[in-house]
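Engineer: I would like the atomic coordinates for the input below:
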Amino acid sequence: MAKPRKLSSQTVAVLTALASRPTDWLYGLELAKLTKLKSGSLYLILIRISERGLLESRWLEPSGPGRPPRHAYRITAAGRKALADAASEFRPSFRELRI
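Structural biologist: Numbering: from 1, shown residues only. The predicted structure follows:
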C-alpha cells in the first residue's frame, strides 16, 4: 500500500482555514482571503484534497438575482485527522528549539 503524501504548507493552510469554521461551507474567494493563496494554486489544492476525501464540496444557490451559484467546501473528519497528523509532524522540531 502506498504511503500517503505529506501535506504541503499551502494544503495545511487551506485545511486550517476550513477547520477554523468546520460547520460552514466556504467558497473559493473566502478561502483565498483566509489563506492568501492565489486562485491558480488554491483551486488545484482544493481539487487534490477533495479527491483524497479531506473535504467535501457542493454548489450553493445564488445569494441574489443575477448571481451565479458558488462551489463551496467543508472539511471532513479525514481532513481534520490529516491536519492533526501534519501538525504533530512539526511538534518535535519546536521542542528542539526550546532551551
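Engineer: Where does pLDDT dip in the protein?
Structural biologist: 1-4, 90-99 (pLDDT under 70).
Engineer: in it, which spans are helices?
Structural biologist: 9-20, 28-35, 39-51, 77-97 (DSSP state H).
Engineer: Stretch 66-86: end-to-end distance?
Structural biologist: End-to-end span of stretch 66-86 (Cα to Cα, to the nearest Å): 41 Å.
Engineer: what's the answer for stretch 53-70, then?
Structural biologist: Note: stretch 53-70 ends 20 Å apart using Cα to Cα.
Engineer: which residues touch it?
Structural biologist: 15, 18, 25, 27-28, 46, 49-50, 71-76, 78-79, 82 (Cβ atoms under 8 Å, 6 or more residues apart in numbering). Any C-beta I mention is one placed from the backbone N, CA and C, and that applies to glycine too.
Engineer: now do stretch 11-25
Structural biologist: Contacts for stretch 11-25 (Cβ under 8 Å, 6+ apart): 7, 26, 31, 34-37, 42, 45-46, 48-49, 54-55, 58, 60, 72-75, 79-80, 82-83, 86-87.
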